[in-house]
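Engineer: Have a look at this prediction, sequence included:
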Amino acid sequence: MSSPRLNIDQVLQTYRLPSLHPDLQPYLSEKGLHHPLVHFEWAISPRLHARLNKIYQYRKTNTARKLEPNLWQSYYPHLDVTERILKFYIEESDKPDFPERDPEYFKMVGQIWTNPESLGQSSGFLELLLGIDYGMPLSKHAHHIMTSSEQEKLTALPDELAVFRGHADPLLQGISWTLKLDVALLFAVGSPLQSSVSIGTVQKSDVIALIDRWDEDELIVLTRDVYDIETYPIDDRWCPIERIAPWQKS
């Protein structure tokens, strides 16, 4: 028997969005965030604060060394992020085995999806890279999106999972869910658009990947595989008031 569902209205009354780290706030403008350790070219909405804070705190404590090099960082490094992503997609989608590809392709996809410069991409972007957007069958190598530690974490989870999704688009669009209600609320309460939070249940066997490189417990899973879904619209009662941040605690 599954555990009782959370009362979303009660949760929302106590929920507060995280604020942007004080060290980053002076570097924020309408054109984005331009801090020596964190660069983001697009407008910053409250739902991005938590990820930007984590990127900053990670890099601040690792200034003695660069981030570990990976395949994506060495892929046409002279191009800006938009051009790189477009070039990657065009080159890969033109290959006859797309999106079946080998494990290295899916490792690259996982690195693109979790790279700080890819922050703000919709899950529709990931659907393109997986071939799901075209109705293609999922490759047997897709689990290589995960790191070994993410695969171990997924393996350790129970067979039935409660999952959450914050979304502005219709629920059937998007394949990104999370095990954490707080994370889903970031994408709902923090959205500039009319949005909702959906709660559902999924079998672990239907999960494509668990992505946890930014401590978000993100699950890549097709919405059609999520059942017993309840959706709660977020209205004007739930304004994005700042949550007490870790650096403000005594």
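Structural biologist: Yep, that arrived.
Engineer: State the pLDDT value of the residue nearest to the spatial centre of the chain.
Structural biologist: Residue closest to the mean C-alpha point of the chain, counted by C-alpha atoms, centre = their mean, is Glu218 at 6.1 Å. Listed pLDDT for Glu218 reads 95.
Engineer: Quick check: it touching Phe187?
Structural biologist: No: judged on C-beta atoms under 8 Å, Glu218 makes no contact with Phe187 at a distance of 10.7 Å. C-beta coordinates here come from the backbone N, C-alpha and C atoms, glycine included.
Engineer: And the helices in this structure, which stretches?
Structural biologist: 8-14, 49-60, 81-93, 103-114, 123-130, 148-156, 181-189 (DSSP state H).
Engineer: Quick one: these as CSV, columns for mean pLDDT and mean neighbour count too.
Structural biologist: As requested, these are exported to CSV (pLDDT from 0 to 100; neighbours: other C-beta atoms under 10 Å):
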stretch, mean pLDDT, mean neighbour count
helix 8-14, 77, 13
helix 49-60, 84, 18
helix 81-93, 87, 14
helix 103-114, 91, 20
helix 123-130, 86, 20
helix 148-156, 96, 13
helix 181-189, 85, 22
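Engineer: Identify whichever of these lies nearest to Gly200.
Structural biologist: Of all the helices of the chain, it is helix 181-189 that lies closest to Gly200, at 10.7 Å by C-beta to C-beta.
Engineer: Mind giving me the packing neighbours of that closest one?
Structural biologist: The contact analysis (3 or more C-beta pairs under 8 Å, 6 or more residues apart in numbering; DSSP states H and E) places helix 181-189 against helix 8-14, helix 49-60, strand 160-167, strand 195-203.
Engineer: What about Leu37, how many residues nearby?
Structural biologist: Per other C-beta atoms under 10 Å, the neighbour tally for Leu37 reads 15.
Engineer: try the one 10 residues further on
Structural biologist: Counted with other C-beta under 10 Å, the neighbours of Arg47 add up to 22.
Engineer: Number of residues surrounding the closest residue in space to it that isn't next to it in sequence?
Structural biologist: Spatial nearest neighbour of Arg47, excluding adjacent residues (C-beta to C-beta, 6 or more residues apart in numbering): Gly190 at 3.0 Å. By other C-beta under 10 Å, 19 other residues sit near Gly190.
Engineer: quick one: contacts for Gly190?
Structural biologist: Counting by C-beta atoms under 8 Å, 6 or more residues apart in numbering, Gly190 touches 17, 45-49, 166, 240.
Engineer: One more: Leu154?
Structural biologist: Counted by C-beta under 8 Å, 6+ apart, Leu154 has contacts 146, 204, 207, 209-210.
Engineer: quick one: which of the residues you listed sit in strands?
Structural biologist: Assignment to strands by DSSP state E places the following of the contacts of Leu154 there: 209-210.
Engineer: just the contacts of Leu154 now: which is nearest Ile85?
Structural biologist: Using C-beta to C-beta, those come closest to Ile85 at Ala209, 18.9 Å.
Engineer: Show the model's pLDDT score for the closest one.
Structural biologist: Value for Ala209, per-residue pLDDT: 97.
Engineer: That one touches Ile220, doesn't it?
Structural biologist: Yes: using C-beta under 8 Å, Ala209 is in contact with Ile220, at 4.3 Å.
Engineer: Overlap of the contact sets of these two?
Structural biologist: Common contacts of Ala209 and Ile220, defined by C-beta under 8 Å, 6+ apart, comprise Ile145.
Engineer: quick one: contacts for the residue lying closest to Glu230 once chain neighbours are set aside?
Structural biologist: Spatial nearest neighbour of Glu230, chain neighbours left out: Ile199 (5.1 Å); criterion: C-beta to C-beta, 6+ apart. For Ile199, the contacting residues are 5-6, 8, 162-164, 181, 229-232, by C-beta under 8 Å, 6+ apart.
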